[in-house]
Structures are given as C-alpha cells and as structure tokens.
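Asker: Got a predicted structure plus its sequence, pasted below:
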Amino acid sequence: MAFVEARDLTKHFVIRRGWFARPTVVRALTGVNLEIERRETLGVVGESGCGKSTLGRCLIRLIEPTSGQVLFDGEDVLALHGEELRSLRRRMQIVFQNPFSSLNPRMTVRDIVAEPLKAHTNMRGSELTARVIELLRQVGLNESHLYRYPREFSGGQAQRIAVARALALNPDFIVLDEPTSALDVSVQATVVNLLEELQAELGLTYLFISHDLSVVQHISNRIAVMYLGEIVEMGNAEEIFHSPMHPYTQALLSATPMVDPETRRERIILEGSVPNPANPPSGCHFHTRCPAAMAFCADEKPPLREINGRLVACHLHE
Amino acid sequence: MTEPLLRIEDLYVRFRTDEGTIRAVNGVNLEIMPGEMFGLVGESGCGKSVTGLSILKLVPHPGRITRGKIWFRGENLLEKPESAMREIRGRHIAMIFQDPMSSLNPVFTVGHQITRVIRRHHHVSRREAWERAAGTLDDLGIPDPERVMRSYPYELSGGMQQRVMIAIALSCGAELLIADEPTTALDVTIQAQILELLNALRIRRGVSILMITHDLGVVAETCDRVAVLYAGRVVESGPTDAVLQAPAHPYTQGLLNALPRPSARRKSLQAIPGSVPGGIEEIPGCPFHPRCALADDLCRSKTPIMTPVDSSGAHLAACHLIGKSEG
C-alpha cells in the first residue's frame, strides 16, 4: 500500500461577494487520485490556480477537503480527531515559498525552531536548545544563528530555518510548496541539494510543488501535471520530461525557456490564459486552449487512463 | 558598421544609506544596437535594475548616478535637464516592469491611460489618440481592443496587463524598450506569449529591447547578445550562444552549473559558495574572488578588465585567468 494516498480528493471554495449575491463555487481541486511511495518525491507542476497548493494543503489537512479521502501510512487522515490527529500532524510538515512571510519576524531563530517541539513534546530549557542546535546544523546553520531574527538572514538561509522547523518533530512526509521559487539560482541550487541530502539521510517522503518544470524534473521521481484542479498527466519524471503525452504538458514544457539548445523544443504558444476555476470549460477543461482539440473534447471529459505505465487524461490517447 | 542606439560608458551609481554607501553600479559599459534584443542578466542585487533605471534617469532616492555617460542618439542623457528627459521618456525610450498591476493606475481605464501618454507627446485630439491607442493594441494582437480600452486594469489577466504596458510603452513609437523582468510574475505559457510578442515587435518595428532578467533560459531563447552583471560590474558579455555555451568567467560558469538540467537528473547541483556581496564594503581586486575557486593573489589585488575570450573579439570577460589556461 502507498505511504500517502489521495482518493477522489475534492476541494470547493465557496465565495460570497456581498449579502445578497449568489455565492460562487471555485473548484480548486476535483477528484484527484494519487499515491506517493515512502521515500519518494512526487513533483506537482501547473500554472497559478491549477490547484497544486490546495492539493498539498489538503493532503496534510491544513485545509479541510470538501470530499474524498486521504490515507497516510494506512490511516484515514480526514476521519481522525483530537489527540489522534494531533499526533499524526507531527509526521507531516510543510515548507512555504517565502520564508520571510512564513517565519515570525518578532521571534528569534531558536524560538521559531523550538515552537513545534514545545507544542508537541516535553522538551524544555537546555535540552530544547540542544535539539534546536542539532536541527540548525542539519540544515547548514549553527549555534551562532540562535538568537538572531529572520530579517538578518538572506533568502536562502531563511529558507533553511523554515526547513529546520519542519524537521523538528522528525516527520516522515513534507509538503514543499514552491520552496525555491523566491530564491536566486545559485541559492536555489544549495536549497535543492539540502532537500535531497535530508531526504536520503532521514528517509523523507516529499510532495514538491512548483511552477518551474526544470527544478521539478530534477528533484522528482514522478511528476503530476495539473490543470484547473485536475491531474492531466502523471508518471515517471524523466519519461514525462522527454516524451510528454498530454497536449498541456507538451505546451508547458515547450514554453519553459531552456539554456541548452539540445533541450529546446519547438515552442507551442497557447492562446489566451487559464480559464476561471469558478466557471471551468465543459468536457476536457483544456479544450479551449488545446492546439489538438477535437469537436467532442468540449462535450466529453477524458478520464485519467493508464497508457504505457503513465496516466494521461486526453482523448487523443484512446 | 552601424552606430549603437544606446551606449553606456563607465556608469557608477551610489546609494547613500545610514548603514553606509551602497555601490550598486560600478563602471558598467554596454552598447545596444538598433533592432537588437540585449540581455542584462544577474542575480538579485547585482545592479541590473538600477542600470535600467539609470538610462531614464529614474534612479530612486537616495541613489545617485555619480559618474559615467549614457549616449542615446548622439547625446549624453546624463547632461540633459529634467524637462528634456520628460520628452525622451515614453517618446524615445520606454520601460516596462515586472508587475504590471502596480505600474497601471487602478482608478482609470486602460484606454484613458494609453491616450494620456499619446497626448502627452503628440498634439492630437482625444479621438485621434483613442484610435491610435486601439491601433497599437490591435497591432499587439490583443483581441477586441475597444473592450480592453474600456476596462480597468483589475479586470484584465496578468498577461493582458503586461500587453497593455507594452502598448503604452510603444504607443509613441519609442526606439528603445527597457523591459525589467517583464515575464517574471507570469505563468510560463503566458511568458511564452509575451516573449513572442516582444520578439515580433523587434522584428516588425525595429525596436531595440534591453531585456533585464535573472532567467538564463529567457536570455538563451530571446537575446542576440548578453551581458552578465555581478556586483555592479559587467563580468562577461558577447553573443548569447557564445556566452552561454562557452562561458569564460567563473561566475557565468557557476550560474550555468547551478541550473537544474535534464541531462543531470537527481545529481547534486553545483552551487556557488558564499553569497552575493551587499555592496557596502569595497571588495579589492576582482569582485568575484571571495567566491571563486580559482582565485589567486592577483585576483585579490587587481581588478580584471574586459578581455577578448576568442579570436572573434565579440565575446569578452573580466577575469585574470583568460588566456592563462592555454599558456
């Protein structure tokens, strides 16, 4: 059985504009099924509004899904309450994009990293400080950083503090939500390397969310490509990168600017922009922008089907 | 040989702060040819945006251009009074920024904002300005220009807002467009649309574009030539393919090695040790030496000058090691 599993996971946000206005429903996530094996990195890519962050947050129950199931190491995450849920939460953590907004500017590094330990363990005083120092060393910082504030650090160092906090309770599963998107390339490289080292050392399982395909293909074993709240293609990272099957994956890859001429592809320029998830197109959500759309794509939604060991939701592959 | 449209000579910009003077730009030299897309690439704090703003003399307080010349159409912009600069901004040199939403005025319609720029520079009636604005939008491939003109910025998508910014920038026929991270805030499929549009404008209208970006991939796919900036200095410049395929400066090499590539999946990325200098303390010698694995005593004491890397003479780098390895 998979370590983390989502079954038909759906999240609808209901937005009310004013007292008498009819509420609109934003379908952020619709019927997502996925499995993540232990020690695996599943990359999730897609453009803004595709539901990739919502997926990450639903998996660790930071937000309540509207329907569906999340299984974590065999336990039904959405059925748990109280102390059971609390103890499960120790095992799943998250790192956000911008460390300067996810770290409290008024807290010292020691207090930031110690906070989860105070909330979940009986560690106090010198024992607590010793554990914080150990965690800081694990992410390439040291005790000289203990009593400094987040603003005194560069973006890359601040992100290391956020990683140290996520590691504090020895989690098994970490959702990494665009952890390197706010960083310069040379710094991004050090954070990506750190995440890979920690994974090997601690046996971590990652959900790596990013809009940057080159980073995702680097760090992931498998990739899920999302469009308007649904997975349109999922499979081995290398295979998807070399031979994308869904027209959206193909467009996304061709649009990603590449430095090496040999990895550059014929550019497919999609028309228009991502439709409003409050009012998604009929049939295949992508048909309004798809260069290969056929007449019945507007009527019939393609299911996610297995083709040569890969999952693809497209009528072209039938 | 054709004359460059813009030539920056030995530009220095300083920011006086309470913590000390920040040396943002330290002797930048570059030339942009007519109809060229020129990339200015570097990491945060390298001085690329300040260089762009200097061209329009829009360096924000407390920054000051302390030295240098900026030649545009045979005149040194740095000697021009503010009143003359106002005629140049928008009319001859225009600029677009990363976040179009913060560049557009939220309380006026798009049409109002474009026509205002046109009427600032040309004596035309409201109606004529409106038609010219609609024509520019149409020219940029914007469907239903009239509807877009009547819209407020918040009613448009990010990609459409950036197109409107480009329309404003080009509505008066500017010869040079400074694009400061024009696609960084956009999704990749929209980025591809905007890059395609900028390239088409360059070809159809002969507009020169200074593309300021941190993304080497964007440079590789759009620019004719590129300059790599580090600590306010150009450390390497030349034809894009030469610089990116055969980088000569250890910093350019480091930047390229730090990129995740499909050919080296799940292998450690090569990071550049240390971090970008803050610009307050003066680094003697080569600005990159504290982070350079190859630095020797000469690098620590003497600032290297731009030297030809190959026989073409077009590809230059500022590194003492050039020519040494072969010898």
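Answerer: Nice, I can see it. The model shown is predicted, which means the values in this text are computed figures rather than measured ones.
Asker: Show the pLDDT at the closest residue to A:Phe286 other than its chain neighbours.
Answerer: Nearest non-adjacent residue to A:Phe286, counting by Cβ to Cβ, 6 or more residues apart in numbering or on different chains: A:Tyr248, 5.1 Å away. All C-beta spots, glycine's among them, are computed from the backbone N, C-alpha and C. You'll see A:Tyr248 listed with a pLDDT of 96.
Asker: Are we agreed that A:Tyr248 is in a helix?
Answerer: Yes. Looking at A:Tyr248 with DSSP: H, G, I helix; E, B strand; the rest coil, it is inside a helix.
Asker: Hmm, it is touching A:Glu230, no?
Answerer: No. With contact taken as Cβ atoms under 8 Å, A:Tyr248 and A:Glu230 are classed as non-touching, separated by 10.4 Å.
Asker: higher neighbour count, these two?
Answerer: A:Tyr248 (27 against 22; other Cβ atoms under 10 Å in any protein chain shown).
Asker: now the helices for the stretch 51-200 of chain A?
Answerer: A:52-59, A:82-89, A:99-102, A:109-120, A:125-138, A:155-167, A:185-202 (DSSP state H, counting those that start in this stretch).
Asker: Turn those helices into JSON lines, including mean pLDDT, mean neighbour count and distance to B:Val50.
Answerer: Compiled in JSON lines, the helices of the stretch 51-200 of chain A are given as follows (pLDDT from 0 to 100; neighbours: other Cβ atoms under 10 Å in any protein chain shown; distance: least, Cβ to Cβ, whole Å):
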{"stretch": "helix A:52-59", "mean pLDDT": "96", "mean neighbour count": "24", "distance to B:Val50": "33"}
{"stretch": "helix A:82-89", "mean pLDDT": "92", "mean neighbour count": "12", "distance to B:Val50": "45"}
{"stretch": "helix A:99-102", "mean pLDDT": "94", "mean neighbour count": "17", "distance to B:Val50": "22"}
{"stretch": "helix A:109-120", "mean pLDDT": "96", "mean neighbour count": "19", "distance to B:Val50": "31"}
{"stretch": "helix A:125-138", "mean pLDDT": "95", "mean neighbour count": "15", "distance to B:Val50": "34"}
{"stretch": "helix A:155-167", "mean pLDDT": "95", "mean neighbour count": "23", "distance to B:Val50": "19"}
{"stretch": "helix A:185-202", "mean pLDDT": "94", "mean neighbour count": "19", "distance to B:Val50": "20"}
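Asker: I'd like those helices written out as CSV, with distance to A:Val175 added.
Answerer: Rendered in CSV, the data for the helices of the stretch 51-200 of chain A read as follows (distance: least, Cβ to Cβ, whole Å):
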stretch, distance to A:Val175
helix A:52-59, 4
helix A:82-89, 12
helix A:99-102, 12
helix A:109-120, 15
helix A:125-138, 18
helix A:155-167, 9
helix A:185-202, 12
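Asker: Could I get the ones you listed in CSV, plus columns for distance to chain B?
Answerer: CSV is the format used below for these (distance: least, Cβ to the nearest Cβ, whole Å):
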stretch, distance to chain B
helix A:52-59, 12
helix A:82-89, 30
helix A:99-102, 13
helix A:109-120, 17
helix A:125-138, 17
helix A:155-167, 7
helix A:185-202, 4
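Asker: how about the strands in the stretch 51-200 of chain B?
Answerer: For the stretch 51-200 of chain B, applying DSSP state E, counting those that start in this stretch gives strands covering B:63-72, B:75-76, B:93-96, B:176-180.
Asker: do the same with the stretch 201-318 of chain A
Answerer: A:205-210, A:222-227, A:230-236, A:305-307, A:310-312.
Asker: can I get those strands in TSV with distance to chain B and mean pLDDT?
Answerer: Output for those, formatted as TSV (distance: least, Cβ to the nearest Cβ, whole Å; pLDDT from 0 to 100):
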stretch	distance to chain B	mean pLDDT
strand A:205-210	11	97
strand A:222-227	10	97
strand A:230-236	11	96
strand A:305-307	22	93
strand A:310-312	17	96
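Asker: how about low-confidence regions in chain B?
Answerer: B:1, B:264-266, B:325-327 (pLDDT under 70).
Asker: which of the residues in the lengthiest helix in chain B are buried?
Answerer: Assignment by DSSP state H gives helix B:188-205 as the longest helix of chain B. Judged by neighbour count (16 or more other Cβ atoms under 10 Å in any protein chain shown), helix B:188-205 contains these buried residues: B:188-195, B:197-198, B:201-202.
Asker: can you list contacts of whatever helix or strand comes next after it?
Answerer: Downstream of helix B:188-205, the next assigned helix or strand under DSSP states H and E is strand B:208-213. Contacts with strand B:208-213, where a contact means Cβ atoms under 8 Å, 6 or more residues apart in numbering or on different chains, come from B:5-6, B:32-41, B:48-49, B:51-52, B:55, B:175-184, B:198, B:201-202, B:218-219, B:222-223.
Asker: Same question for stretch B:88-95.
Answerer: Contacts of stretch B:88-95 (Cβ under 8 Å, 6+ apart): B:52-53, B:55-56, B:58, B:72-73, B:77, B:80, B:117, B:120-121, B:168-170, B:172-180.
Asker: so how many other residues sit close to residue 46?
Answerer: Looking at chain A here, since you left the chain open. As a burial measure, A:Gly46 scores 28 neighbours (other Cβ under 10 Å).
Asker: wrong one, chain B
Answerer: Number of residues near B:Cys46 (other Cβ under 10 Å) recorded here: 27.
Asker: That one: what secondary structure?
Answerer: With three-state DSSP as the basis, B:Cys46 sits in coil.
Asker: Tell me who's in contact with the residue nearest to it when sequence neighbours are not counted.
Answerer: In space, and not counting its chain neighbours, B:Cys46 is closest to B:Leu229: 4.4 Å by Cβ to Cβ, 6+ apart. B:Leu229 makes contacts with B:28, B:40-42, B:46-48, B:51, B:235, as judged by Cβ under 8 Å, 6+ apart.
Asker: Next, the contact list for the residue nearest to A:Leu146 when sequence neighbours are not counted, please.
Answerer: Leaving aside its sequence neighbours, A:Leu146 sits nearest to A:Arg110 (Cβ to Cβ, 6+ apart; 4.5 Å). A:Arg110 makes contact with A:129, A:132, A:146-147 under the criterion Cβ under 8 Å, 6+ apart.
Asker: per-domain residue ranges of chain A.
Answerer: A:4-91+A:171-271, A:105-169 (automatic domain parsing).
Asker: so how far is the first residue of the longest one from its last?
Answerer: Read that as domain A:4-91+A:171-271. In domain A:4-91+A:171-271, first residue to last residue: 36 Å (Cα to Cα, to the nearest Å).
Asker: Which residue lies nearest the spatial centre of the chain?
Answerer: Using chain A here. By Cα atoms, centre = their mean, chain A has its centre lying nearest to A:Ile209, at 2.9 Å.
Asker: actually chain B
Answerer: Taking Cα atoms, centre = their mean, chain B has its central residue at B:Ile212, 2.5 Å away.
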